[in-house]
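K.L.:
pasting a predicted model and its sequence here:
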Amino acid sequence: MKIFLKDIILYGYHGIHELERKVGTEFILNVNMEIDIPTTTITLDDTIDYSVVFSLIKEEFSIPTTLLENIAIRISERVKAVYPLMNAIQVNIIKNNAPIEGFQGQVGIEFEKKYTV
């Protein structure tokens, strides 16, 4: 089963440029997780709680970081630590308003990790 949090909008102070870390900008995050669940009726203990994952994302995202890649890795590690039943995770971080002269659009990273459970 796939479980996801889509189009999470957070404001953060991430980037390699001093101005990015001082002024900040808006980011969009998408997190997709895969788990094996029983085919019968399940309880919350058998799956992943969206609200817990969102709290973990906010905690890791609140730490100013130069590279988005490191945020994605930290998020994946935190989610896996809380939900060892997770088979795979994909973290997508999009930066709006990248400080690239003349650039209009979005930039970002996508991190994916598969686990053996």
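P.N.:
Structure's in. What do you need?

K.L.:
how about the secondary structure of Pro84?
P.N.:
Secondary structure for Pro84, judged by DSSP: H, G, I helix; E, B strand; the rest coil, is coil.

K.L.:
what is the burial count for it?
P.N.:
Residues contacting Pro84 under the criterion other Cβ atoms under 10 Å number 8. Glycine gets a C-beta too; all of them are placed from N, C-alpha and C.

K.L.:
backbone dihedrals for it, please?
P.N.:
For Pro84, the backbone dihedrals (degrees, to the nearest 10) come out as phi -60, psi -20.

K.L.:
what mean pLDDT does stretch 37-45 get?
P.N.:
Per-residue pLDDT over stretch 37-45 has a mean of 80.

K.L.:
now stretch 55-67
P.N.:
Stretch 55-67 shows a mean pLDDT of 97 in the predicted model.

K.L.:
where's that stretch relative to the chain centroid, distance-wise?
P.N.:
Here the centre of mass of C-alpha atoms in stretch 55-67, compared against the chain's by Cα atoms, centre = their mean, to the nearest Å, lies 9 Å away.
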